[in-house]
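S.K.: Quick check, what structure comes out for this input:
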Amino acid sequence: MIYTNKDKVVEITDAPQSSVGAPIPIVMSDESDLYVAYYLQNAPEGWDGTTVKLMSIDSEGEPIAIVKFPSFLVYQFGPPNDEAFSGHPLYKKGLRPYGVFEIKASSWVDYFEKMNSVHPSHKKELFQKYRHFVFSFHDTTLEIISDKFEFDIITGSLKSAAKQIQEKLGW
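M.R.: Numbering: from 1, shown residues only. Modelled structure (predicted):
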């Protein structure tokens, strides 16, 4: 994706903070709704930082965010990881690892609006509702175009969260 000078990175500070060590995000979707579930930052009381807690999708009793993007347009899930994040085109505009951001005046939204403009019933105003979000994790980054997102915080394992998402998707 090629970004332009008009893209503006704005951090969303009230979104659930992913674990900086092992969020292990999972992404599940059908053609209209997308879900991402990930472990939240959860340092035990009194933790001095000298030990490591190994996490997996089976780790029980952990706080988890389940984020839903209803009626999303498109998403990309993969690089960069936290060690290569400075290579992201929006890094110089303030995009950082371990956060949630909205890209205002997004070139990516414009790209899909322009692509769709050949449709006989195209209406540019239909694309004005879309927002470009970035969830940057430890090893991966999720970029998504949707009109909004909503989230729940649960306690369990990512495996149990995936089962809840499957039910929501009707699988």
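S.K.: S136 and V9, how far apart?
M.R.: For S136, the distance to V9 (C-beta to C-beta, to the nearest Å) stands at 11 Å. C-beta coordinates here come from the backbone N, C-alpha and C atoms, glycine included.
S.K.: Pull up the overlap in contacts between the two.
M.R.: Common contacts of S136 and V9, defined by C-beta atoms under 8 Å, 6 or more residues apart in numbering, comprise 95, 101.
S.K.: In terms of packing, which of these two has more residues around it?
M.R.: S136 (23 against 19; other C-beta atoms under 10 Å).
S.K.: Might you report the residue contacts of the closest residue to the more buried one other than its chain neighbours?
M.R.: Spatial nearest neighbour of S136, excluding adjacent residues (C-beta to C-beta, 6 or more residues apart in numbering): P97 at 4.8 Å. Residues near P97 by C-beta under 8 Å, 6+ apart: 81-82, 85, 136-138.
S.K.: distance of P97 from S157?
M.R.: As judged by C-beta to C-beta, P97 and S157 stand 24 Å apart.
S.K.: what does E167 give?
M.R.: According to C-beta to C-beta, E167 stands 16 Å off from S157.
S.K.: ok, now H132?
M.R.: 30 Å.
S.K.: These two - which one has more neighbours?
M.R.: H132 (25 against 21).
S.K.: I'm done for today, thanks for sticking with me.
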